[in-house]
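# turn this into a model:
(chains A, B, C and D, ligands or ions: 4)
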Amino acid sequence: MTTTPTASDTASTETGRPGGLVGRLRGQLQQLLAFASLIIIVAFFAFASPHFFTTSNITSILVAATVTGILALGTTFVIITGGIDLSIGTGMILCGVMAGVFLTFWGWPLWAGVLGAILFGGLIGFVNGFNVAILKIPPFIATLATMLIAAGLALVISGTKPIYFKETPDFQAIMNLSIIPGMRFPLGVAIFILMMIIAAVLLSRTIFGRYTYSIGSNEAATALSGVNVNKWKIIIYTVSGLFVGVAGVLAASRLSSAQPTGGLGLELEAIAAVVIGGTSLSGGKGSIVGTVIGALIMAVLTNGLRIMSIPQEWQSVAVGTVILIAVYLDMLRRRGR
Amino acid sequence: MTTTPTASDTASTETGRPGGLVGRLRGQLQQLLAFASLIIIVAFFAFASPHFFTTSNITSILVAATVTGILALGTTFVIITGGIDLSIGTGMILCGVMAGVFLTFWGWPLWAGVLGAILFGGLIGFVNGFNVAILKIPPFIATLATMLIAAGLALVISGTKPIYFKETPDFQAIMNLSIIPGMRFPLGVAIFILMMIIAAVLLSRTIFGRYTYSIGSNEAATALSGVNVNKWKIIIYTVSGLFVGVAGVLAASRLSSAQPTGGLGLELEAIAAVVIGGTSLSGGKGSIVGTVIGALIMAVLTNGLRIMSIPQEWQSVAVGTVILIAVYLDMLRRRGR
Amino acid sequence: AAGGGDAGGGDAGGGEASGDKPYIAIVSKGFQHQFWQAVKQGAEEAAEEFDVEITFEGPDTEADVDQQIQMLQTALDKGPDAIGFAALDSQAAGPLLQQAKDSNIPVIAFDSGVDSDIPVTTASTDNKAAAAEAAKQMAELIGHAGKVALVVHDQTSVTGVDRRDGFVEYMEENEPDIEIVDTQYGGGDQAKSADLAKAIIAANPDLKGLYGSNEGSAIGVVQAVKELDLAGKLTVVGFDSGKAQIDAINEGLMAGAITQNPVGIGYETVKAAVAAINGDKVEKTIDTGFFWYDKSNIDSEEIKAVIYE
Amino acid sequence: MSMDEREPLLTIVGASKSFPGVKALQDVGLDVRHGEVLALVGENGAGKSTLMKLLSGIYTPDAGEFFLGGERLEITSPRQAQELGISIIHQEFNLAGDLTVAQNIFIGREPRRAGIFLSDRELNARAQQLFDRLGLALDPRQRVGELTVARQQMVEIAKALSFNAKVLIMDEPTAALNDLEVATLFDLIRRFTTPDTGVIYISHRMDELKVISDRITVLRDGRYIDTLDTDSTDMREVISLMVGREITGEARPQVTDAGTDVVLSVSGLSTKGVLSDVSFELCRGEILGFAGLMGAGRTEVARAIVGADPKSAGTIELAGKPVRIDSPAVAAKLGIGYLSEDRKAYGVLLERDVKENIVLSSLPEFTAALGFMKPAAIEAKASELVTALSIKTPSTSQLVKNLSGGNQQKVVIAKWLVKDCDVLIFDEPTRGIDVGAKDEIYALLNALAAQGKAIIMISSELPEVLRMSHRIAVMCEGRLTAILDNADATQENIMDYATRFSAEGTVMA
Ligand SMILES: Nc1ncnc2c1ncn2[C@@H]1O[C@H](COP(=O)(O)OP(=O)(O)OP(=O)(O)O)[C@@H](O)[C@H]1O
Ligand SMILES: Nc1ncnc2c1ncn2[C@@H]1O[C@H](COP(=O)(O)OP(=O)(O)OP(=O)(O)O)[C@@H](O)[C@H]1O
Ligand SMILES: [Mg+2]
Ligand SMILES: [Mg+2]
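Ligands and ions are numbered 1, 2, ... in the order given. Model prediction:
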């Protein structure tokens, strides 16, 4: 493989930037290979339980993957820059609470409340970006602090009680509205898919995505080339925050209530999805398709083990083992190239 | 500050290897500066509450810091290599459960059971090291998987019930035995201090510590210098695992029972302590003194805010904010040099 | 509509693995704590007795509403004959309960109840009343005067809030000389609860009593008393049971505790589910009760039946 | 080249810069005239790179003023320097390895659509145009991380030339290039210089200066020494100004007799895609030079021998016994040391100090019982080598990243001198090293050989190869095309063998 003249094309597509048609096909082939783990897992469960491969359950999996998946999409950008964002879990909770504040406490119209909550996510991201880029606080610490602050504020602002969307009963439709007649295919999943497309386009076709890769690959060189690295880092964290806002709105919509707690641990799950999808925590490499596959692997595993009624204590053992195997195979394949 | 001729000495001591007497003194001075954040926080609480700065409460803080602190000490090595270990929290829980299995289920003598549990921690570390070094699974994913597996196994092995040390009532003395007559100074804290010394010596005076820094600084160059990087990585993760084992024994000893749940979240707390202490997550830099200071900052903050009866939801906001400020000031100081 | 089809399949296939037995999926509020393990034990006993298949699962923490909703969704997708459900947030579960109703799957609520008319019955304890009983006992033990503090396992979940409010409200209404100086939350983690109880004690040297709102919180409080050598000087009142609490009561470290009847809750839940499947009539509420136990009655048959090690 | 009577294009007056413990520049001034190539020379650590970093906005000067075309400049950032027309090729590469060649060249200047959307097609086309114009055979779509050092250097050059700069600064652009590539580079420089532009050219290769420069400015120990007209100057004078003493570099070695007992025997060595069937023998006391064009596979031979890259075929015998080497650790244990050509990626630990780097490969020898290190012995050894190689550093506790490029290179060499290896493979060992120090390193290599060590020296500088090697192996496209005795070798026949099988084997047309 190394000797084929287009090996470089493959490599470049791995980073989401297809180089010509051949490269594009090769890139897709490679993603298909990563896809293989997912397919094997799905096939296994479909074989093991008659309840797994039903339209209804597949929808359930997509619903379950939506919130973490959207978090993972947004945080993929941050991770490609070589950063990390631990605040996405509790940040999402805080955005949900803000939706409750806007809609229920302040009586804003639906669209304004939703927009407000999403922008609030952007604000959290902006603060992270500012702390990382301007104050030079390491991303791990900067976002850990935001994680704690967001968790606290969600409780403070909500008065440690769930906020229900009494004024805007339609709010729950954002996640739950069935958009395909005769099927339980909720709007939230469609939004998830839309977010995938937005993320993929952003990462592979825009200047924003290019600088994301460039900063992650060699921040000093990028700065020396005259790119305003600080500005772009702030933008990247802010965009990731907007994804957090969307996830927060969907999570609250799903539960018809803004729960002021929880969210902790979701950041690890989202980051795991990103890394399982082949994005490197040291930056410079990664793709949206990978993240989507990673998020689906996690969701399918959790769902499948529950459907099979595996005792709960064994479930986490199984998830851990499967993650190890899937990533190991992926490594083998990459080294094999 | 910027222009002092021996600032380079300072820099090298920062990583724990004193360069001559002057360098040593300067290094200590610098740690003192990092120490300053801690002192300020302590001073603040001492001023704010008369109940804070009492022998009894200081002991409480040390007891509270012991388990997380020992985890942080061990994981400092892993982080200096540029790795990360998410399995320390649940791994510790599993080691406690194993102590229960050895002592209560299998009736081993006290010393054997304790040793067995510590070595079991080493085994967990070895598995992580093997997965990272040989299978080339990224540390984040390798240890995330171990985290899940350990959490599950702790439940499975214990039968989802706490294990009590009925056969070895002395077991609880390991953490709780009062070693200074007339004062409530428990053995566990002394063990914590002993572990600090061991870790500091390992990191700064032995070939083990030197390779830890080398691998973190430039793994490829270290390998090309003829160092068996894979072997040393496994050793480093194993040693970190032994610290996890010690922490697990102490945690179980404190409660006179091996609790099969919990531990999740402790890994982030320990990693935060390490990073607050100035160790870089990108590897190559760090010190044990820093980690100890970091762990104490976390413990003092939590305790002080509780002593002041700050409402819990505000506590996490305050902790997050203080961490941000402390690390920001530390950055300023470093950049200032 | 698809859900209905699935449920039908479930009926025909008889749920999980073993052929014709009715299948009851139980989604609780927790799974790792001894309390929930005891509920599970009761449910399993009933399953044995009535020859039905059950599964029992619950989220990692009682704050994790979303995880519970996912578990409920998965349970519905498995097409059970009945569902046992202890809601972390009734409102959040609304759409899924509706889905269960549409699919004709009877829902049995347990523990603290579900705020909805869909469940055919609710097997629960009144947590608030139970906590008030703990407050009453505490007041008597400390002579109706002095400072007390609470270590609560959770700030937002129904059990956490009820067990806090029941205690606090009783004191406010009935004990003018008792001052509640602090309430802190330890997530039910023993070590963390011990650390924060020590901080409360340090900040209030004249504290008379401490109340731990569940097993982990109560044991944490006991541990703090132990580490500070305050046995006998501080009155500790707990909640739930478990070996450590029983030992603490026997050793005099803890004055006493409230226990619900978790085994009974589990048993009644499955029993009611079986009745609902068979189309029998069930009472709208099943009160599983709560009990105060201390050194004096801990060995009685009545208490032995409702506490667990 | 015609000189202008106008004011100098660029003037630096009184520039000073200190680092902790180091006065890197003291009151340095120079000027670049319109249309000229000004060479800047000086020993390692003389302050050349630092001066250029002041000019390109990376460091802020402690004192000093800059004038471009008579106007005073306030340089605050690299971007601003670029906008002012100052373009620089740094001594250390500044490329994003995960991006492609074209993406690297146009970072920050991407052709956009609708403000935010990219067109890689257009980007690649522009890069291709640039390469065509410059006559470089680079693939715009190749990932930079996959390129050899030399090709990465070409990317840097292309990038610098793609700005419409007034002043082009090149900090040791030829350190990784061989003669043919250097010739092409000079061509590019000549085409670049017009009456409105100027070039500052930094190099340690004295022979190049005659060819390309108009004047030569000499720095020593951070101070300005003198500026000379190239045409009327003898290079020996420049060198003595640089180092403060006379150097008598011989053109050809006094080749002592190499031994005849074979230490290392490589046969049929192949790697996936690069090497095919490379066989040679290396004797005790011998220096075997490896010559070849960029990408000929010399580095690959070395990496395959020490097990840094997997071999697809071939056997290696050490003192007659076949050995299996699958990692550099095994190689080191067997007494084979490898010094990489890419010091930043594979040579130094930038964030660690000098002594730690020097003893890295031989740490077990400085370790007592229970793994405790012997700090005194380490310090003594490190100091010894700092003196022996005249490494310019305030102390052995200085972080390596704070050393000048050439001094970093010396640290890497020191690392392998400490370790007692029977076979040493030096890949471009004098990359970035000044003339004076080069002589010292040559002397060291000769001494090592005289002690009976076997040395492979890979070098892109033919004079160096000719001067040092007993025998010279020439490679082309992954094959060994000849092994010549020193006496038979000339620059001409080496180049002949180096281009033996290649119609389009060179990077530059
Ligand atoms: N960031 C820094 N911190 C401390 N010292 C530095 C730093 N950068 C350079 N120096 C010191 O300044 C002096 C001049 O370094 P510079 O890199 O300018 O040398 P140079 O002439 O380019 O040498 P070379 O030919 O080896 O590249 C050296 O002694 C070097 O150690
Ligand atoms: N990391 C890599 N990935 C892909 N191809 C590579 C890599 N490194 C080297 N090559 C290819 O291997 C061939 C041999 O390169 P090598 O570095 O061994 O040559 P060299 O003779 O040392 O030349 P140079 O002067 O460039 O160092 C070249 O065609 C090069 O493109
Ligand atoms: Mg230089
Ligand atoms: Mg080479």
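
# just checking, residue D:8 touches residue D:31?
Yes - taking CB atoms under 8 Å as the contact criterion, residue D:8 and residue D:31 are neighbours in contact, 3.8 Å apart. (Each C-beta comes from the backbone N, C-alpha and C, glycine too.)

# which residue does the stretch 151-300 of chain C have closest to chain A?
Of the stretch 151-300 of chain C, the residue with the smallest distance to chain A, taken as CB to the nearest CB, is residue C:156 at 4.7 Å.

# doesn't that residue lie inside a strand?
No - the assignment for residue C:156 by DSSP: H, G, I helix; E, B strand; the rest coil gives coil, which leaves it out of any strand.

# burial count for it?
Taking other CB atoms under 10 Å in any protein chain shown as the criterion, the count of residues near residue C:156 is 23.

# show the model's pLDDT score for the residue lying closest to it once chain neighbours are set aside.
In space, and not counting its chain neighbours, residue C:156 is closest to residue A:261: 4.7 Å by CB to CB, 6 or more residues apart in numbering or on different chains. Per-residue confidence (pLDDT) for residue A:261: 85.

# wait, isn't residue A:261 in contact with residue C:185?
No - applying CB under 8 Å, one finds residue A:261 not in contact with residue C:185, separated by 10.3 Å.

# pull the number of nearby residues for residue 170.
Since you didn't name a chain, this refers to chain A. The burial metric for residue A:170, expressed as a neighbour count using other CB under 10 Å, is 12.

# looking at chain D here, not the other one
Counted with other CB under 10 Å, residue D:170 comes out at 25.

# isn't there a strand covering it?
Yes - the assignment for residue D:170 (three-state DSSP) places it in a strand.

# now it: closest residue in space that isn't a chain neighbour?
residue D:89 (4.8 Å).

# go on, residue A:239?
If you skip the residues right next to it in sequence, residue A:239 has residue A:77 as its closest partner in space, 6.2 Å away by CB to CB, 6+ apart.

# the one you found and residue A:240 touch, don't they?
Yes - here residue A:77 lies in contact with residue A:240, judged by CB under 8 Å, at a distance of 5.4 Å.

# coming back round to it: pretty sure the residue nearest to residue C:156 is in a helix, no?
No - when the secondary structure is assigned by three-state DSSP, residue A:261 falls in coil instead of a helix.

# number of nearby residues for it?
Neighbouring residues of residue A:261 were enumerated by other CB under 10 Å; the total is 25.

# and it, what are its phi and psi?
Summarising the backbone geometry of residue A:261 under the convention degrees, to the nearest 10, its torsions are phi -120, psi -180.

# how near is it to residue B:226?
Distance of residue A:261 to residue B:226, given as CB to CB, to the nearest Å: 53 Å.

# equivalent analysis for residue D:164, please.
Using CB to CB, residue D:164 is found at 48 Å from residue B:226.

# quick one: which of those two has more around it?
When residue D:164 and residue B:226 are compared for neighbours, residue B:226 comes out ahead with 29 against 8, by other CB under 10 Å.

# residue D:29 against residue D:226, yeah?
No - in this structure residue D:29 lies outside contact range of residue D:226 using CB under 8 Å: 11.8 Å.

# mind listing what the closest residue to residue A:83 other than its chain neighbours touches?
Here the nearest residue to residue A:83 in space, its sequence neighbours aside, is residue A:139; by CB to CB, 6+ apart that works out to 3.9 Å. Counting by CB atoms under 8 Å, 6 or more residues apart in numbering or on different chains, residue A:139 touches A:78, A:83, A:84, A:85, A:128, A:132.

# cool, residue A:132 as well?
Neighbours of residue A:132 in contact, by CB under 8 Å, 6+ apart: A:83, A:138, A:139, A:142, A:143, A:233, A:237.

# shared neighbours, residue A:261 and residue C:185?
Here residue A:261 and residue C:185 share the contacting residues C:154, C:155, scored by CB under 8 Å, 6+ apart.

# so which residues on the stretch 101-250 of chain C come close to ligand 3?
Not one residue of the stretch 101-250 of chain C sits near ligand 3, judged by CB under 5 Å from the ion.

# which residues in the stretch 101-250 of chain C form helices?
Under the criterion DSSP state H, counting those that start in this stretch, the stretch 101-250 of chain C carries helices at the ranges C:127-141, C:158-174, C:190-203, C:215-227, C:243-251.

# can you check chain A too?
Counting by DSSP state H, chain A has these helices, from start to end: A:7-14, A:20-48, A:55-80, A:88-100, A:110-133, A:139-158, A:173-176, A:187-205, A:207-217, A:219-224, A:229-254, A:266-276, A:288-307, A:312-336.

# enumerate every residue touching residue C:72.
Going by CB under 8 Å, 6+ apart, residue C:72 touches C:27, C:83, C:85, C:93, C:96.

# where does it land in three-state SS?
Residue C:72 - assigned by three-state DSSP - is helix.

# measure it to residue C:41 for me?
Computed as CB to CB, the residue C:72 to residue C:41 distance reads 22 Å.

# quick check: residues of the stretch 151-300 of chain D near chain A?
Where the stretch 151-300 of chain D comes near chain A, counting by CB under 8 Å from any CB of the partner chain, the residues are D:272, D:273.

# tell me which element the closest residue to chain C within the stretch 151-300 of chain D falls in.
Of all residues in the stretch 151-300 of chain D, residue D:272 sits closest to chain C, at 47.1 Å by CB to the nearest CB. Using DSSP states H and E, residue D:272 falls within no helix or strand.
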